[in-house]
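Chemist: Everything below, folded, please.
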Amino acid sequence: MSYMLEGHAHRGSLINSAARFECDVCDRSYGFGYSCDQCKFIIHLECAFVFNAKEIWDHPSHEGHCLKLLTTGAPDHTDPKCHLSGKKIRHLLYHCSVCELNLDVIDALCARAHLNMPWHPHPLLIVDITSRMTCNICRNGGKQGYLCPRCRLVVHESCVSQFVSQDITHPSHVRHPLKPITDGALGYSDGSCHLCGEDAGNLLYHCDICIFNLDLECAINKPPPVSLSNMKVHEHHTLTLMPRLISYVCDACGTIGDRSPYVCVECDFMIFHQLCAQLPRVIHVNHHDHRVTYKYPLGSGPGEWTCGVCWKEIIWSYGAYSCSICPRYAIHSLCATRKDVWDGKELDGIAEEVEDIEPFKRNNDDNTITHFAHEHNLLSLSKGDEESSLCGACVRPIGSSTFYKCSESDCSFILHEACADLPKKKRHFLSPEPMDLRLQSKSHLKSCGACHLPICNGFIYSNFDLLCTSIAFPFIHGSHDHHLLYLELQYGAVKTCQSCGTDEDKVVIGCKKCDYFLDFRCPTLPLTVMLPRYDDHPLTLCYGDEKASGKYWCDICERETNPEFWFYTCKDCGVTLHPGGKVRYDYELLPNNTSSRPLCKNCRSRCPGSFIVKQINLDPTFCSFYCYKSFNWDFAIEWLFTTVKVISPPWAIGANSSTAAVKMFLD
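Modeler: This next block holds a predicted model:
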């Protein structure tokens, strides 16, 4: 994601707090950061206060000349060390071009700080607090305040007077008063809040007798309640907060905790803070068709319990969600209440409505059906002569499949029998909300929310195409020995598809145990394809082999095929093809088998390859996808992973479409 750092001229990238990096200001390696590729520096967002002082004229160690902030490191002809502390200079520094003086950023600002306050051990600067320098107490910017360059404390004058005025007695620690601290947790403590476990920060309350830390969020802004009553996970008794560092296993979710549980002494029941105390009783999850209900303990049964979301073991003696209709289906408490799994609605006490998901009704009097997506009745037909017609749902050839055809003679609407049976509503792991089946208009073409490819003029489920919503869970694919799970990536994380080498930063299908990941374009590739106009033999999908001998060349684009990635090949005649690329919907791929080879619009040469790219009903012809791309930079060229069309929809063959040998051919 591109990001503009206030006070800096270049756009850069945000860095996730989970990524390991060293800030060029403070040398610490945790927190959110900003990376400037042009200046080659990395800085914490909280350290960006240095851009407020780009020039220093009144520095006590160097009066008379201006010190300027440099972002690309010390000049080559100078000593890359700080002239105050002697430590090595990094990309950010203050420099005097007259004296060739280099100063470390923190050392320079600390030497300039001269305001001493009894409530803080370090000298402070008086600064104007900008929007990027939010006050550590009120979390707002603006107005004048104090800045400590050494520990990065930023605070309004009015806020600090309230914070340091007196000790407090907090309900979670009534035995002793808590003292305010402004320079971070003391070294003998673990540096985190004893209630929420977050970093306590610069400003916190502390008890030196009990070695107890409390951050501002838990102390003032959102203090946790001392007791909890009428919780759905434990209705019998009141739960009491135990504000201590203690190792335990949460009875509600089975997660290991290390501090401040809510406990019921009478029942020997402990839960992990407030998150588990607020678990709903009855919910709907997108991984299952029926409602699931919270149960503690889950209880024993034949064999082991396996979570229906993460596919890991569930310990029967802790709480979890289970289905009353499917006796072996259960989900971890925290997996079931994830934002990408649960829609956030508590269904306890709400009667379950029977949803009408049937896509059509049968008309017994004339052997027709009335489908919700078409205005006319559809006539039920068996296999016929409609191989060249396109299904109105999946936009693929009817082929030899059974189908429904519009009963009106002047209407060409036609559906595969399998496509006509698609339910009007569907629960799928791609969305926490139920998906609605609808007809996509050609005038509103957009990209699929999973594979990011153009959605054709046919049926879609909400914002996803039919191929992506046909992927079952867990997904069994022939390229890997283990089942593959749907994974949402954390901000800043990137996974590489094992099929095509594409980097994905949002969602993938993968196996964490083996570090194996696929994007949403590749898993639905069929194992076998047919190109009748080009080759009479079936082409088989190969999953890549690093030890492959020799080179493979794609017979369509005539470029080398990387044997580490997936490709199609014919074992009989040696034909090899990339999984492919598709251009705009108004272009088509045709065999180059005429007596006179056409002239390429881009390179002005006779097309030498086995295939050509041609605009439908118009003259422009290109000898390859690359010539087309070079000539049409202004077009939205979208990568697909097949250059041919499926005769039967994948959901007509089985839950795992990639395991089916689906014949394919060119129009």
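
Chemist: Tell me how far the residue lying closest to residue 355 once chain neighbours are set aside lies from residue 286.
Modeler: Nearest residue to residue 355 in three dimensions, chain neighbours excluded: residue 425, at 5.8 Å (Cβ to Cβ, 6 or more residues apart in numbering). The C-beta positions use only the backbone N, C-alpha and C, and glycine is treated the same way. As judged by Cβ to Cβ, to the nearest Å, residue 425 and residue 286 stand 12 Å apart.

Chemist: what touches both of these two?
Modeler: Applying Cβ atoms under 8 Å, 6 or more residues apart in numbering, one finds that residue 425 and residue 286 are jointly contacted by residue 434.

Chemist: what about the residue nearest to residue 355, neighbour count?
Modeler: Using other Cβ atoms under 10 Å, the number of residues around residue 425 comes to 13.

Chemist: Quick check: beta-bridge partners of it?
Modeler: residue 436 (DSSP bridges).

Chemist: Domain-wise, how is this protein divided?
Modeler: 2-112, 125-162, 166-221, 227-277, 282-336, 360-469, 485-518, 528-659 (automatic domain parsing).

Chemist: All the helices of the stretch 251-400 of the chain, in order from the start?
Modeler: Listed in chain order, the helices found in the stretch 251-400 of the chain under DSSP state H, counting those that start in this stretch are 273-277, 333-336.

Chemist: Just name the most buried of those helices.
Modeler: Of those, the one with the most neighbours on average (mean count of other Cβ atoms under 10 Å) is helix 333-336, at a mean of 24.

Chemist: what's next to that helix, contact-wise?
Modeler: Helix 333-336 has contacts (Cβ under 8 Å, 6+ apart) with 252-255, 275-276, 279, 283, 285, 292, 294, 307-310, 319-321, 341-342.

Chemist: Which of the residues you listed fall in strands?
Modeler: Members of the contacts of helix 333-336 lying in strands (criterion: DSSP state E): 283, 292, 294, 320, 321.

Chemist: In contact with the last one: list those residues for me.
Modeler: Taking Cβ under 8 Å, 6+ apart as the criterion, residue 321 is in contact with 283, 285, 292, 293, 294, 295, 330, 331, 332, 333, 336.

Chemist: cutoff 7 Å now
Modeler: Taking Cβ atoms under 7 Å, 6 or more residues apart in numbering, we find residue 321 in contact with 292, 293, 294, 330, 331, 333, 336.

Chemist: low pLDDT regions in the stretch 251-400 of the chain?
Modeler: Within the stretch 251-400 of the chain, the stretches with pLDDT under 70 are 301-303, 383-388.

Chemist: ok, which stretches of it are strands?
Modeler: Along the stretch 251-400 of the chain, counting by DSSP state E, counting those that start in this stretch, strands occupy 256-257, 262-264, 269-271, 282-283, 292-295, 305-306, 313-314, 320-322, 330-332, 360-363, 368-371, 378-381.

Chemist: Return the list of helices and strands in contact with the fifth one.
Modeler: With contacts taken as 3 or more Cβ pairs under 7 Å, 6 or more residues apart in numbering; DSSP states H and E, strand 292-295 sits against strand 320-322.

Chemist: The strand it packs on: partners in the sheet, and parallel or antiparallel?
Modeler: Here, using DSSP bridges, strand 320-322 pairs with strand 292-295 (antiparallel), strand 330-332 (antiparallel).

Chemist: just the ones you listed: most buried one?
Modeler: Greatest burial across the strands paired with strand 320-322, using mean count of other Cβ under 10 Å, falls to strand 330-332, with a mean of 26.

Chemist: so where do the strands sit in the stretch 101-250 of the chain?
Modeler: Counting by DSSP E, counting those that start in this stretch, the strands of the stretch 101-250 of the chain are 101-104, 125-128, 144-148, 153-156, 168-170, 173-181, 204-207, 212-215, 227-228, 239-241, 248-249.

Chemist: Now tabulate those in a markdown table and tack on mean pLDDT, distance to residue 346 and mean neighbour count.
Modeler: Shown next, in a markdown table, are the strands of the stretch 101-250 of the chain (pLDDT from 0 to 100; distance: least, Cβ to Cβ, whole Å; neighbours: other Cβ atoms under 10 Å):
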| stretch | mean pLDDT | distance to residue 346 | mean neighbour count |
| --- | --- | --- | --- |
| strand 101-104 | 88 | 55 | 23 |
| strand 125-128 | 82 | 47 | 14 |
| strand 144-148 | 85 | 43 | 20 |
| strand 153-156 | 86 | 40 | 23 |
| strand 168-170 | 88 | 31 | 15 |
| strand 173-181 | 89 | 33 | 16 |
| strand 204-207 | 91 | 35 | 22 |
| strand 212-215 | 91 | 30 | 24 |
| strand 227-228 | 90 | 17 | 14 |
| strand 239-241 | 91 | 19 | 19 |
| strand 248-249 | 92 | 25 | 16 |
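
Chemist: Tabulate those strands in TSV, adding columns for distance to residue 479.
Modeler: Formatted as TSV, the strands of the stretch 101-250 of the chain follow (distance: least, Cβ to Cβ, whole Å):
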stretch	distance to residue 479
strand 101-104	52
strand 125-128	57
strand 144-148	55
strand 153-156	51
strand 168-170	56
strand 173-181	55
strand 204-207	51
strand 212-215	47
strand 227-228	48
strand 239-241	48
strand 248-249	37
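
Chemist: Which among these is found nearest to residue 42?
Modeler: Of all the strands of the stretch 101-250 of the chain, the one in closest proximity to residue 42, counting by Cβ to Cβ, is strand 101-104 (15.8 Å).

Chemist: Tell me which strands that closest one pairs with, and in which orientation.
Modeler: Pairing partners of strand 101-104, with direction, according to DSSP bridges: strand 93-96 (antiparallel).

Chemist: Need the contact partners of the partner strand.
Modeler: With Cβ under 7 Å, 6+ apart, strand 93-96 has contacts from 56, 62, 65, 67-70, 74-75, 101-105, 108.

Chemist: for stretch 136-146, same thing?
Modeler: The list of residues contacting stretch 136-146 from outside it, by Cβ under 7 Å, 6+ apart, reads 124, 126-131, 133-135, 153-157, 159-160, 163, 201-203, 216.

Chemist: Likewise for stretch 343-362?
Modeler: For stretch 343-362, the external contacting residues (Cβ under 7 Å, 6+ apart) are 280-284, 291, 369-372, 420-425, 432-433, 437.

Chemist: ok, 6 Å please
Modeler: Outside stretch 343-362, the residues within contact range by Cβ atoms under 6 Å, 6 or more residues apart in numbering are 280-283, 369-372, 423-425, 432-433.

Chemist: which of those residues are buried?
Modeler: Neighbour-count burial (16 or more other Cβ atoms under 10 Å) is assigned, among these, to 280, 282, 283, 369, 371, 424, 432.

Chemist: And for the closest residue to residue 370 other than its chain neighbours, the neighbour number?
Modeler: In space, and not counting its chain neighbours, residue 370 is closest to residue 361: 5.1 Å by Cβ to Cβ, 6+ apart. By other Cβ under 10 Å, 11 other residues sit near residue 361.
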